[in-house]
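> make a model of this:
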Amino acid sequence: MHARTRTLTMKKLLAPTLLGLAIFAGTAQAAAPLRPPQGYFAPIEKIKTGENAEGCDTMPAPYTQKLQFRSKYEGSDKSRSTLNEASEKAFRDATADITKLERGTSKRVMQFMRDGRPEQLECTLSWLTAWAKADALMSKDFNHTGKSMRKWALGSMASSYIRLKFSDSHPLATHQQESQLIEAWFSKMADQVVSDWDNLPLEQTNNHSYWAAWSVMATAVATDRRDLFDWSVKEYKVGANQIDAQGFLPNELKRQQRALAYHNYALPPLAMIASFAQVNGVDLRPENNGALKRLGDRVLAGVKDPEEFQAKNGKDQDMTDLKVDSKFAWLEPFCSLYTCAPDVLERKHKMQPFKSFRLGGDLTKVYDPSHEKGNKGS
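Numbers count the residues shown, from 1 in each chain. Sure, this is the predicted structure:
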């Protein structure tokens, strides 16, 4: 009895200690720094200095005006599927500086990671720092196209920046001041993007919301903000639960002849969010009974034979966008999440490398570097 009493006493003494360790372990796990998929840790491939040094292009003027832009579908009916060429040109002209910043950031980060020229890094950081200091893209005076442009730009910049922040070559180690300014700007912009797109009615939740969630996920990882990560995951789940049993998105089916193209356009942000969530311990693949896989399979089948989309909404599908290889950049994260069929892998390899400035550049280099070839896409 004496020995049994001593054992029980020891258990009572140890219980709080073990409980404390369990709580501590759970807290430590929850507080683990957010990280991107492994490919983002790649070092600079080679270092070149001096020879054929490229100058820094003229920086686009920081955009601090109101975010009120014309839609390229201006005048279209509620399907938003008929292009208005005049309003599209007006939109392109008004947003030219923003797009130059997006594309320029992506291009120079890709070049820097390939050959390590310091002037490429310095140019990129000088552009981003200048826009951060100007508090660019933060206007509260915006329309739908304006807030769309804000989240696209944030996703482009933050996902390119991640390549610099996490590279094993640590290129930002000697640029702490610029990094802090840039990350604070990204963080502030992400808060605004959350405000812009949070809790929309389901009938208004479509690919724009998914792209907003991607920009917030990229920023969450760039700035290590778990609240932004959680919001992106929440928005992913809303999107995944819009995918029906056949793999269709009802709000994208409304786009008439562009329905298949918009289903395809919904995939990049969703696949990237799922990929980033997975590496941070959140597996989104089971959501809504494997909805993301269903959507991907539906789009791939639709590209082969668009008649099922036509049968769904009665419109012949416009296949123009679906002939552009870079529009299928989502296959890189998608085929890292799922075992893609041999014919899908063959198609993917034929289209590689996938380069998309809105997803941070060269995704093949991140997800499938052994198959990178050539220099297609942008």
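> CA atoms for contacts and neighbours, from now on please.
Fine.
> pull out the buried positions in the stretch of helix or strand Gly302 belongs to.
Assigned by DSSP states H and E, Gly302 belongs to helix 287-304. For helix 287-304, the neighbour count (16 or more other C-alpha atoms under 10 Å) marks 288, 290-299, 302-303 as buried.
> which two among the residues you listed are spaced furthest apart?
Asn288 and Val303 (23.6 Å; C-alpha to C-alpha).
> may I have the one helix or strand Met217 maps to as PDB, with CA atoms only?
According to DSSP H and E, Met217 maps onto helix 207-223. This file holds the C-alpha atoms of helix 207-223, laid out as PDB (Å, rounded to 0.1, in the frame of the first residue of the first chain):
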ATOM      1  CA  ASN A 207     -12.500  34.200 -58.600                       C
ATOM      2  CA  HIS A 208     -11.800  37.800 -57.300                       C
ATOM      3  CA  SER A 209     -12.200  36.600 -53.700                       C
ATOM      4  CA  TYR A 210      -9.800  33.700 -54.400                       C
ATOM      5  CA  TRP A 211      -7.200  36.000 -55.800                       C
ATOM      6  CA  ALA A 212      -7.600  38.300 -52.800                       C
ATOM      7  CA  ALA A 213      -7.100  35.300 -50.500                       C
ATOM      8  CA  TRP A 214      -3.900  34.400 -52.400                       C
ATOM      9  CA  SER A 215      -2.500  37.900 -52.000                       C
ATOM     10  CA  VAL A 216      -3.200  37.700 -48.300                       C
ATOM     11  CA  MET A 217      -1.600  34.300 -48.000                       C
ATOM     12  CA  ALA A 218       1.500  35.500 -49.800                       C
ATOM     13  CA  THR A 219       1.700  38.500 -47.400                       C
ATOM     14  CA  ALA A 220       1.000  36.300 -44.400                       C
ATOM     15  CA  VAL A 221       4.100  34.200 -45.200                       C
ATOM     16  CA  ALA A 222       6.200  37.300 -46.100                       C
ATOM     17  CA  THR A 223       5.400  39.000 -42.800                       C
END
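> can you list contacts of stretch 283-295?
Outside stretch 283-295, the residues that touch it by C-alpha atoms under 8 Å, 6 or more residues apart in numbering are 237, 240-241, 243-249, 263, 267, 270-271, 274, 277-278, 337-338.
> ok, now with 10 Å
Stretch 283-295 is touched from outside by 233, 236-249, 263-264, 266-267, 270-271, 273-278, 297-299, 301, 334-335, 337-338, 340, with contacts defined as C-alpha atoms under 10 Å, 6 or more residues apart in numbering.
> what about burial for these, which qualify?
233, 236-243, 247-249, 263-264, 266-267, 270-271, 273-278, 297-299, 334-335, 337, 340.
> inside strands: which ones of the residues you listed?
Using DSSP state E, no member of the buried ones among the contacts of stretch 283-295 sits in strands.
> quick check: closest non-adjacent residue to the residue most central in space within the chain.
Closest residue to the average C-alpha location of the chain: Trp214 at 3.9 Å, with C-alpha atoms, centre = their mean. Of all residues not flanking Trp214 in the chain, Pro269 sits nearest, at 5.2 Å (C-alpha to C-alpha, 6 or more residues apart in numbering).
> where's that neighbour relative to Trp152, distance?
Remark: distance between Pro269 and Trp152 (C-alpha to C-alpha, to the nearest Å) = 11 Å.
> anything in contact with each of these two?
208, 211-212, 214-215, 358-359.
> how about those residues in a markdown table, adding distance to Thr99?
Shown next, in a markdown table, are the shared contacts of Pro269 and Trp152 (distance: C-alpha to C-alpha, whole Å):
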| residue | distance to Thr99 |
| --- | --- |
| His208 | 17 |
| Trp211 | 16 |
| Ala212 | 17 |
| Trp214 | 18 |
| Ser215 | 15 |
| Arg358 | 10 |
| Leu359 | 14 |
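> which one of the residues you listed has the most neighbours?
Among the shared contacts of Pro269 and Trp152, Trp214 has the most neighbours (other C-alpha atoms under 10 Å), with 34 neighbours.
> contact partners for that residue?
Counting by C-alpha under 10 Å, 6+ apart, the residues that Trp214 touches are 151-152, 154-156, 158-159, 208, 220, 229, 232-233, 235-236, 268-274, 276, 358-359.
> and if we set it to 7 Å?
Residues in contact with Trp214 (C-alpha atoms under 7 Å, 6 or more residues apart in numbering) are 155, 232, 269, 273.
> how is the first one assigned, secondary-structure-wise?
When the structure is reduced to helix, strand and coil (DSSP: H, G, I helix; E, B strand; the rest coil), Gly155 reads as helix.
> ok, and the closest non-adjacent residue to it?
With C-alpha to C-alpha, 6+ apart, the residue lying closest to Gly155 is Ser215, at 3.7 Å.
> right, and the one you found touches Met149 too?
No. With contacts counted by C-alpha atoms under 7 Å, Ser215 stays clear of Met149, the gap being 11.2 Å.
> what about the strands in the protein?
Going by DSSP E, the chain shows strands at 355-356, 361-362.
> what is the first one packed up against?
When contacts are defined as 3 or more C-alpha pairs under 7 Å, 6 or more residues apart in numbering; DSSP states H and E, strand 355-356 sits against strand 361-362.
> which residues sit against the strand it packs on?
Counting by C-alpha under 7 Å, 6+ apart, 106, 110, 160, 354-356 sit against strand 361-362.
> try stretch 133-146
Here stretch 133-146 has contacts from 62-71, 150, 189, using C-alpha under 7 Å, 6+ apart.
> just send those residues back as CSV, with neighbour count too.
Shown next, in CSV, are the contacts of stretch 133-146 (neighbours: other C-alpha atoms under 10 Å):
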residue, neighbour count
Pro62, 19
Tyr63, 20
Thr64, 13
Gln65, 13
Lys66, 14
Leu67, 23
Gln68, 17
Phe69, 22
Arg70, 19
Ser71, 22
Arg150, 24
Met189, 25
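> thanks a lot, catch you later.
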